[in-house]
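Colleague: Sequence first, predicted coordinates after that:
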Amino acid sequence: MADAVRDQLEQQIPELHDLVASGIFDDGEVKRIVAKRLKFEYSLRRRQTRRKDFVSYLEYELNCDKLRVHRKETRRIVKKKSAPSEIGGLKRILFIFQRAVQKFKGDLRLWSDYFDFCERAGAFKVLGRAFAEALRYNPLEAGIWVRAAAWEYNGNSNMKSARVLLQRGLRLAPESKKLWTEYLRLELLYLDKIQQRRAVLGLPATSAARTGPKAMDVDEAAVQAEDVSDDEDEDSNESDDEAEGRGGVDLDALPEEGASKPAGSGASAGVDRFLEGEVPREVYKAAVDHFPDDTPYHIELIRIISLFDRMERLVDDAYAELGDSAAAVAARCIRPAQTLLDDHTSAASPIVDTVASNFVDALVGSEGEYRTELGEAFAEFVLTALADRASTAIARVLPVGTIRHVCELLHSGADAGEQISALWCRITAATPELTPAARAKVYESVTRSLAGRGLSAATADAAARWAAEVASVDPEASNAVYRTGVELVTIDADQVWLLGHKLDLCIGRRDAEATNLAFDDVVRAAAAAAWAHRADPQHELTLCSLLVRRVHWSWAIGGVDAARTVYSGFLRTSPFQLGWAFIGAVVDFEVEQPEIDVARVRALLEKALAVDGEVMPAPWLRFLELEASMGEVGRLGPLYDRAIRTLQDPVQFITEARLRQIEQST
């Protein structure tokens, strides 16, 4: 092992001499670099090589190379490209990457970093070989096939190799939707490129439309040169750019599979059919045939096709062949506005009106889950069209009446899902001509419908709207609505949220008596939820935040003494051991007072240490901060030593304490 390491380092001698002679590094720096590399080389040759050893070595070499480039630029050192110091670093980094991926062949992150570096460094021949090697070891990883094809198409301008790569990937991983999607996108991009070039040259859309001599035009030659036929694609294994020094993926080194080829470019019988979009059509049909029952995936492919010009005929045929499932019918209904949605543009009222009318027609005679799916698709579309518009602006840009009609249709048959219910609530809030009683009736209907479907969170949201609408007319009557809502909501966390909404409403009305009662209700519910889910700390944190809020409310209406009475009662009677989450907030409250009761604050911190002092550094750090602010320097040392003895893992505490000490000294 020592001989191999020594040989490895001896090969770097010309490079190191050149670095010293150029004035980029001095002798001492070179010695430290050699010592560091020696350490890394031995770590890579241990019996159990670790991934992090390669990563650390690569990071060090990349940083060294950055420093070399920086010093060369700042010191205005001119070197030939063939100089040992210019090529040595690149070769070494590539060599380390090659060793790393050979050791960890299935590490996709390592392969990706290797590809990235090759692209940045312009090592295109190495990149081509790296893609082939990665695919040989990971033939089922769609991401590598796609990246290799993208590099061939975009970086090497080699459509032939890009097409072969994706076709071979599909033979090995025919169940990969990503490969089918990107194969379709590739053919669409290439067709769009050819069509745009013909438009710039003033050529007709197809060669059949020409008048004049039957000489082959420039794009017919281009298409035939790329060779639409799969058979000729696979006979050629060399990139057209190989002669220019940009090596492509070594197609001979790729894994092969004897399965039949996926339908695609081989279906094209000539240039005219190619220019009319026959290749993307065949690829789309092959993908649909492979996933016959996956309508959402078919819709995704159609949306990709619709992004390209001159594909209307294919899009029309694809929509017509989608079938009669709810997802297919919804896609056809939404089609008039799909372009706006793809461009992330808020849909205009006439288009939304057309889509809504399409859904009304589709809903006629529908029932059950099919009807619910249609309603949810309509709601998703409208909510997307609404984007973040304020309620006051909705009525100006959307056909509120038509949308409300669809919502009422669905709710009348108890076929409403979560999204259509949310839409109905939002549209109801945006309809100014409705009275509070009419809006409350809608919210009640939505609440009961959602409760019947067991949608707890959505039920709580609708119940909150219902109660708020009732409270706007009769605050006392809203209490009964909240009680009903809590009974209908099935999950305790949602019950706590709903009672928290009631609390916010009471605080907003500045009704002290109602607020106190609301605090009692929500704290009782939160305590029950925290007790029932003792293994989940989130419920206890919710309870603590409510208790802290109660303390601040008591201070706002009764002063400091009232707040102290409240938090002392919580600490004394709580069924839980209230720890730093609560006590820390109480300490902050006490410290914020004009006159700090130091003895009280110390007692609170001691109580926090009794609960969390073994596992949490935060209360110890807060205690040190308090003593330092009080000028009690003599207490700091003993408190620091006590923390180190008490904490199970004092490393974080020591680090934080030192950082704070440095900040204070500066």
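Modeller: Yes, it's here. Numbering: from 1, shown residues only.
Colleague: from here on, contacts and neighbour counts on C-alpha atoms
Modeller: OK.
Colleague: Enumerate the positions of stretch 136-147 that are buried.
Modeller: 138-142, 144-147 (16 or more other CA atoms under 10 Å).
Colleague: Show me where this structure dips below the pLDDT cut-off.
Modeller: Counting by pLDDT under 70, the chain contains low-confidence ranges at 1, 205-247, 250-254, 256-270, 339-349, 385-398, 412-416, 662-666.
Colleague: can you do 80?
Modeller: For the chain, residues meeting the criterion pLDDT under 80 lie at 1-5, 7-8, 204-272, 337-353, 364-368, 382-406, 408-417, 430-433, 575-576, 661-666.
Colleague: mind listing the helices for the stretch 351-500 of the chain?
Modeller: 368-386, 391-397, 400-412, 418-429, 436-452, 456-471, 477-488, 492-509 (DSSP state H, counting those that start in this stretch).
Colleague: my guess is Ala562 meets His552, correct?
Modeller: No. Assessed by CA atoms under 8 Å, Ala562 is found out of contact with His552, at 9.7 Å.
Colleague: In terms of neighbours, single out the busier of the two.
Modeller: The neighbour comparison of Ala562 against His552 (other CA atoms under 10 Å) goes to His552, with 21 against 17.
Colleague: Name the SS class of the more buried one, please.
Modeller: Here His552 is recorded as helix under DSSP: H, G, I helix; E, B strand; the rest coil.
Colleague: Start the count at 44 instead of 1 going forward.
Modeller: OK, 44 is where the count begins now, so the last one is His595.
Colleague: Not counting residues beside it along the chain, what's closest to it?
Modeller: Ala606 (6.7 Å; CA to CA, 6 or more residues apart in numbering).
Colleague: Counting by contacts, list what the helix or strand hosting Leu234 packs against.
Modeller: Taking DSSP states H and E as the definition, Leu234 sits inside helix 220-244. Here helix 220-244 touches helix 185-193, helix 202-215, helix 261-269, helix 314-318, helix 321-333, helix 338-349, going by 3 or more CA pairs under 8 Å, 6 or more residues apart in numbering; DSSP states H and E.
Colleague: Can you give me the buried ones in the fourth one?
Modeller: Neighbour-count burial for helix 314-318 flags 314-315, 317-318 (criterion: 16+ other CA under 10 Å).
Colleague: Can I get that helix in CSV? Just the C-alpha atoms.
Modeller: Extracted as CSV, the C-alpha positions of helix 314-318 are listed here (Å, rounded to 0.1, in the frame of the first residue of the first chain):
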residue,chain,number,x,y,z
VAL,A,314,-40.2,13.6,-44.0
ASP,A,315,-43.8,14.9,-44.5
ARG,A,316,-45.2,12.6,-41.8
PHE,A,317,-42.3,13.6,-39.5
LEU,A,318,-43.1,17.3,-40.0
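Colleague: quick one, helices of the stretch 44-193 of the chain?
Modeller: 45-53, 56-65, 70-87, 94-117, 127-146, 151-164, 167-180, 185-193.
Colleague: possible to save those helices as JSON lines with distance to Pro693?
Modeller: Converted to JSON lines, those look like this (distance: least, CA to CA, whole Å):
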{"stretch": "helix 45-53", "distance to Pro693": "40"}
{"stretch": "helix 56-65", "distance to Pro693": "45"}
{"stretch": "helix 70-87", "distance to Pro693": "31"}
{"stretch": "helix 94-117", "distance to Pro693": "26"}
{"stretch": "helix 127-146", "distance to Pro693": "37"}
{"stretch": "helix 151-164", "distance to Pro693": "34"}
{"stretch": "helix 167-180", "distance to Pro693": "45"}
{"stretch": "helix 185-193", "distance to Pro693": "44"}
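Colleague: Out of those helices, which gets nearest to Val358?
Modeller: helix 185-193 (24.3 Å; CA to CA).
Colleague: what angle separates that closest one from helix 220-244?
Modeller: 20 degrees (axes from the mean of the first three to the mean of the last three CA atoms, to 10 degrees).
Colleague: which residues touch stretch 116-125?
Modeller: If you take CA atoms under 8 Å, 6 or more residues apart in numbering as the criterion, stretch 116-125 is touched by 65, 115, 129-130.
Colleague: That stretch: end-to-end distance?
Modeller: 17 Å (CA to CA, to the nearest Å).
Colleague: dump the residue contacts of Leu101.
Modeller: 136, 139-140.
Colleague: Are any of the contacts of stretch 116-125 buried, and if so which?
Modeller: Here, 16+ other CA under 10 Å leaves 115, 129 buried among the contacts of stretch 116-125.
Colleague: Can I get the helices of the stretch 394-543 of the chain in TSV including mean neighbour count?
Modeller: Listed next are these as TSV, based on neighbours: other CA atoms under 10 Å:
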stretch	mean neighbour count
helix 411-429	21
helix 434-440	15
helix 443-455	19
helix 461-472	22
helix 479-495	21
helix 499-514	24
helix 520-531	18
helix 535-552	20
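Colleague: and these as JSON lines, adding distance to Glu343?
Modeller: JSON lines is the format used below for the helices of the stretch 394-543 of the chain (distance: least, CA to CA, whole Å):
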{"stretch": "helix 411-429", "distance to Glu343": "15"}
{"stretch": "helix 434-440", "distance to Glu343": "28"}
{"stretch": "helix 443-455", "distance to Glu343": "25"}
{"stretch": "helix 461-472", "distance to Glu343": "21"}
{"stretch": "helix 479-495", "distance to Glu343": "30"}
{"stretch": "helix 499-514", "distance to Glu343": "28"}
{"stretch": "helix 520-531", "distance to Glu343": "38"}
{"stretch": "helix 535-552", "distance to Glu343": "35"}
